[in-house]
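> I need the structure of the sequence given here:
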Amino acid sequence: MEILLQIAPPDIPDWAQLFSQSISIITALVGLAIAYQAYRGYRRNDSRPMLFLAIGFALSVGLPFVMVIPLLLFSHIQAVTAAITVLSNVFTLIGLACILYALRMPT
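Okay, here's the model as predicted:
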């Protein structure tokens, strides 16, 4: 069976995998920093769009990154790996929907 959406093909060099993982860590940290700043904006201005923006970034960038830990711990169990991958994608979609709602929300 061929997997259509692989995260990293097995034949790429180690340096490329390390670089890709480093970029993923930096992306998660920047996304969480944006979520934190949006939350601070919500607290300061009592702005609901900023709250949804913070929730959206936390769900779409931060939570999937944190879910890598159980994925690494239980990678030998195929059902758990599939469930974590699906949950990660669902949280990303919900987070993006929150960001879209924040951008379309009337002030």
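
> okay, now Met105: neighbour count?
14 (other Cβ atoms under 10 Å). C-betas here are computed from N, CA, C, even on glycine.

> hmm, who's touching stretch 79-92?
59-60, 63-64, 67, 70-71, 74-75 (Cβ atoms under 8 Å, 6 or more residues apart in numbering).

> Name the nearest of those residues relative to Ile94.
Leu59 (5.5 Å; Cβ to Cβ).

> Surely Tyr39 and Ser47 touch.
No: shown here, Tyr39 and Ser47 do not form a contact pair, counting by Cβ atoms under 8 Å, at 10.6 Å.

> any idea which residue sits dead centre in the chain?
Centroid check for the chain by Cα atoms, centre = their mean gives Val61 as the closest residue, at 2.6 Å.

> measure that one to Ala54 for me?
11 Å (Cβ to Cβ, to the nearest Å).

> list residues touching both of these two?
Taking Cβ under 8 Å, 6+ apart as the criterion, Val61 and Ala54 both touch Ala35.

> since we're on Arg43, how many residues are nearby?
12.

> in which helix or strand would I find it?
helix 14-45 (DSSP states H and E).

> what packs against the next helix-or-strand element following that helix?
Later in the chain than helix 14-45, the nearest helix or strand by DSSP H and E is helix 48-57. When contacts are defined as 3 or more Cβ pairs under 8 Å, 6 or more residues apart in numbering; DSSP states H and E, helix 48-57 sits against helix 14-45, helix 78-104.

> If you count neighbours, what's buried in helix 48-57?
Residues 49-57 are the ones in helix 48-57 that count as buried (16 or more other Cβ atoms under 10 Å).

> same deal with stretch 38-47?
Buried, per 16+ other Cβ under 10 Å, within stretch 38-47: 38-39, 41-42, 47.

> So, low pLDDT: which residues of the protein?
Residues of the chain that meet the criterion pLDDT under 70 lie in 1-10, 107.

> Repeat the analysis, applying 50 as the threshold.
Applying pLDDT under 50 to the chain picks out residues 1.

> wait, which of the buried residues of stretch 38-47 is closest to Ala102?
Out of the buried residues of stretch 38-47, the member with the shortest distance to Ala102 (by Cβ to Cβ) is Ala38, at 8.4 Å.
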